[in-house]
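Visitor: Build me a structure from this.
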Amino acid sequence: MKQALLILIICFGIISCNTPKKAAIKKDTTSYVEEDTVRIANDKLEYEIIIIEPGFNTWLLSIAKPEGYYSQEFMEIRNRILVTEWNIRVLQPQRYDPNLYELEIDYQPNIDYGYEVNYKLYNYFIYFQLYYKQQLSGFLPRI
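Guide: Sure, this is the predicted structure:
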C-alpha cells in the first residue's frame, strides 16, 4: 500500500512538473485595422467615408440598433445637425480637441446618400459621442 501511494505521488509530481507550453502569439496589426475600418459609400454618387476607429465596427454589429430601426428621414435630419456641429468644431481647433475633430464632413442636405450611408454615419456619431463623452447636439445620443 505504501509503495502504491509512493508511486502515485512520484507520478503526480512528474506530471505536475511539466511546465505549460506558451503559445506563440502573433499580433497582426493589419487585421485589427481591417476589422476597425468601416467604409461608408454610395458608389452611384461617388461618395465615400472611411472610418478607422478602434471598436466602432464591433459596436456597430453588437450594440447599435439594427438597420431598419430608424427611418432614413430621421437619420438625415439628425445627420444634418450632427455634421453641422462637427464641422463647426473642426474649424475651431483652439476650442475643441483637434485630435478628435480632424476633418470636415461634406454632407449636403439636397443629396440622397441612401439608407446605408445615413445609417452608418448616424451610428458613428452616436458611438463617437458615447465613447469620447462629447455632445454634438441638444439631444442625447440614444442606442
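Visitor: Can you report how many residues neighbour the closest residue in space to Tyr119 that isn't next to it in sequence?
Guide: Excluding the flanking residues, the one nearest Tyr119 by C-beta to C-beta, 6 or more residues apart in numbering is Glu67, at 5.6 Å. (Each C-beta comes from the backbone N, C-alpha and C, glycine too.) Residues lying near Glu67 (other C-beta atoms under 10 Å) number 12.
Visitor: Strands along the protein, start to end?
Guide: Remark: strands assigned in the chain by DSSP state E are 37-42, 47-52.
Visitor: Can I get the ones you listed in a markdown table including distance to Leu121?
Guide: Output for the strands of the chain, formatted as a markdown table (distance: least, C-beta to C-beta, whole Å):
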| stretch | distance to Leu121 |
| --- | --- |
| strand 37-42 | 6 |
| strand 47-52 | 7 |
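Visitor: mean pLDDT lowest for which of those?
Guide: Lowest mean pLDDT within the strands of the chain: strand 37-42, at a mean of 69.
Visitor: Now do Glu67 against Gly114, distance only.
Guide: Distance check for Glu67 against Gly114: by C-beta to C-beta, to the nearest Å, it reads 12 Å.
Visitor: And Tyr132, by the same measure?
Guide: For Tyr132, the distance to Gly114 equals 27 Å [C-beta to C-beta].
Visitor: okay, those two: which has more neighbours?
Guide: A count of neighbours by other C-beta under 10 Å puts Gly114 above the other of Tyr132 and Gly114, at 16 against 9.
Visitor: For the one residue sitting closest to the centre of the chain, which non-adjacent residue is spatially closest?
Guide: Nearest residue to the geometric centre of the chain (C-alpha atoms, centre = their mean): Phe56, 0.6 Å. In this structure, Phe56 finds its nearest non-sequential neighbour in Tyr127, 5.4 Å apart by C-beta to C-beta, 6+ apart.
Visitor: Check what pLDDT that neighbour gets.
Guide: If you check Tyr127, the pLDDT there is 94.
Visitor: That one contacts Glu53, doesn't it?
Guide: Yes. Taking C-beta atoms under 8 Å as the definition, Tyr127 is a contact partner of Glu53 at 7.3 Å.
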